[in-house]
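1. got a sequence here, can you build the structure:
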Amino acid sequence: MKLSVLIPVYNERAVVERSLAQVLAAPLPESMQRELIIVDDHSTDGTWEILQRLAAEHPCIRLFRHEVNRGKGAAVRTAIQQAEGDFCLVQDADLEYDPNEYPKLLKPLLEGHADAVFGSRYLAGEQRRVLPWRHSMINKFLTLISNVFCNMAFTDMETCYKAFRTDLLKSIPIRSNRFGFEPEIVMKSAKRNFRIYEVPISYHGRTYEEGKKIGWRDGIKALGAILHFWIIDDLYAEPYGRGLLNNLTGTPQYLSWMARILRPYVGDTVLEIGAGIGNIAGRLMGKKLRYVAGEHDPLYLHALHNRFLRTPNVEVRKLDPSAAEDFHGLERSFETALCLNVLEYVEDPEAVVRSLQKTLLPGGRLVVLVPQGPGLYGSVDRTLGQKRRFRCEELCGMLASAGLRVEQVHQLNKIGTPAWWLYGRLLRRSYIAKPTLKLFDKTVWFWRRVNGLLPWPGLSLVVVAAKPEGAQE
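-> Model prediction:
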């Protein structure tokens, strides 16, 4: 295994060589290699020349430089993109934190208990320099506010020492350029339901005379970052996952509306394919005898495992809807199969429907939710990676061809149809703004009640089809 130590540097000529010597000599678990990803944020005091010399002397150092000063968050973002290790750990280039404590930070990760580990300066560490009261109170106040909004119980949100599984860290989009990185990564880790541990660390803080850079203005900006990332659900980097799931994390009322429609058709044994991060499973799995949440995206699989770790009736399973062999062993096992926002992404939706039909017990139901209206297909669909939108007749015919009898059709979210046409066809936007989605979610209670009165088709189509008694596979 390998540890990537992410080191943002800016104007640290006096201490950077001693600091990096400690990082290079820091103890690591047996057989673990290290790489130092150093990003110089356009230092102007001679730091860059020192870093170049050190990089030439130590092959494990990989050195990068910003052409203009952009801030700690930007430097960490660059380092994350370059990291090749199994785990990442953020290390400032000063002497405030002790690299000898790396094993303490890595232990919960290596034991498989944690996805992220934060080093806390306020737990019972070995030693801690006493610093001005106001500075400590500001840190504790920011931690308190962060805890209120992310509903976690951190003791030190602003700590530099944060270690992550690299695959998870790379999947988080980092937007902050300065010290807002700390509240941003905390808020997003909490919203992603990471298993986060804290460990006590030593702290040898500097005074401003000794070179400390963070100031009271950064504290105010940190408050703004906490509020911003509480409101905005920007949780997955672009290469990862289906964008629709990312948006739906911030629309709980819409998800509850969807679950309300699905619930009457869901039996005691359920298979859900394309379960994503468990938004629907979490609303439907209660009191079910068996709920299998299938997913093929590794990040969503990880999220599902975390979410249902202690839910005995939920089984998380790697399942690619397009791979017929992944359904082996599931034949004639379920009263209900859920296929929600899946068929629009696959190459052969008919094959997926046939695979699902085989998993049903005689009399069992397949519930399918798809985007409706080929005429609405536009830029938003392409951004989400959707290959098609369906007509009701087309989907019903597909289900009938698989030996299923259509029982019920629901037109879902009619108010969303004109908005989708406006954004995707007329304005040709690549996405619907998240504040718009938030506003929609806050008014779902009204749109749900008038949905049946609107004269046009819904943005989504829900079709319920049953497997006849005695049906052949």
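
2. next up, the contacts around Tyr197.
-> Neighbouring residues of Tyr197 by C-beta atoms under 8 Å, 6 or more residues apart in numbering: 108, 113-114, 116-118. Quick note: C-beta positions are derived from backbone N, CA and C, even for glycine.

3. can you rerun that using 7 Å?
-> Residues near Tyr197 by C-beta atoms under 7 Å, 6 or more residues apart in numbering: 108, 113-114, 117.

4. following the longest helix along the chain, which helix or strand shows up next?
-> What stands out as the longest helix in the chain, according to DSSP state H, is helix 133-150. As assigned by DSSP states H and E, the chain's next helix or strand after helix 133-150 is strand 162-165.

5. packing partners of that following strand?
-> strand 87-90, helix 102-110, strand 116-120 (3 or more C-beta pairs under 7 Å, 6 or more residues apart in numbering; DSSP states H and E).

6. looking at these, spot the one closest to Gly294.
-> strand 116-120 (26.1 Å; C-beta to C-beta).

7. quick check: angle from that closest one to helix 133-150?
-> Angle, strand 116-120 to helix 133-150, by axes from the mean of the first three to the mean of the last three C-alpha atoms, to 10 degrees: 150 degrees.

8. so where's the stretch 1-150 of the chain shaky on pLDDT?
-> 124-129, 131 (pLDDT under 70).

9. for this protein, what spans make up the strands?
-> 2-9, 33-40, 61-65, 87-90, 116-120, 162-165, 196-200, 269-273, 290-295, 314-318, 334-340, 360-371, 405-412, 460-466 (DSSP state E).

10. of all the ones you listed, which one comes closest to Val444?
-> For these, the distance to Val444 is smallest for strand 405-412, at 11.4 Å, taking C-beta to C-beta.

11. tell me the buried residues in the closest one?
-> Neighbour-count burial for strand 405-412 flags 406, 410-412 (criterion: 16 or more other C-beta atoms under 10 Å).

12. with stretch 437-448 instead?
-> For stretch 437-448, burial by neighbour count (16+ other C-beta under 10 Å) applies to 437, 440-441, 444, 447-448.

13. ok so, going back, ok, the contacts of Tyr197 vs Phe194, which is closest?
-> Checking the contacts of Tyr197 against Phe194 by C-beta to C-beta gives Ala114 as the nearest, at 8.0 Å.

14. run through the bridge partners of the residue lying closest to Leu404 once chain neighbours are set aside.
-> Nearest non-adjacent residue to Leu404, counting by C-beta to C-beta, 6 or more residues apart in numbering: Ala465, 3.8 Å away. Taking DSSP bridges as the rule, Ala465 bridges to Leu366, Val406.

15. list the contacts for Ala465?
-> Ala465 makes contact with 365-366, 399, 404-407 under the criterion C-beta under 7 Å, 6+ apart.

16. can you give me the pLDDT of it?
-> At Ala465, the predicted lDDT confidence score is 98.

17. how close does it get to Ile185?
-> The gap separating Ala465 from Ile185 is 44 Å, by C-beta to C-beta, to the nearest Å.

18. and the helices in the stretch 201-350 of the chain, which stretches?
-> Remark: helices assigned in the stretch 201-350 of the chain by DSSP state H, counting those that start in this stretch are 216-231, 243-248, 252-262, 281-284, 298-307, 349-359.

19. C-alpha coordinates for the longest one, PDB please?
-> The C-alpha atoms that make up helix 216-231 are tabulated as PDB, following Å, rounded to 0.1, in the frame of the first residue of the first chain:
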ATOM      1  CA  TRP A 216     -10.200  36.600  11.300                       C
ATOM      2  CA  ARG A 217     -11.400  37.200   7.800                       C
ATOM      3  CA  ASP A 218     -10.900  33.500   7.100                       C
ATOM      4  CA  GLY A 219     -13.100  32.700  10.100                       C
ATOM      5  CA  ILE A 220     -15.900  34.800   8.500                       C
ATOM      6  CA  LYS A 221     -15.400  33.100   5.200                       C
ATOM      7  CA  ALA A 222     -15.500  29.700   7.000                       C
ATOM      8  CA  LEU A 223     -19.000  30.600   8.300                       C
ATOM      9  CA  GLY A 224     -20.000  31.400   4.800                       C
ATOM     10  CA  ALA A 225     -18.600  28.100   3.500                       C
ATOM     11  CA  ILE A 226     -20.500  26.200   6.200                       C
ATOM     12  CA  LEU A 227     -23.800  27.800   5.100                       C
ATOM     13  CA  HIS A 228     -23.000  27.500   1.400                       C
ATOM     14  CA  PHE A 229     -22.200  23.800   1.500                       C
ATOM     15  CA  TRP A 230     -25.100  23.100   3.800                       C
ATOM     16  CA  ILE A 231     -27.500  24.500   1.200                       C
END
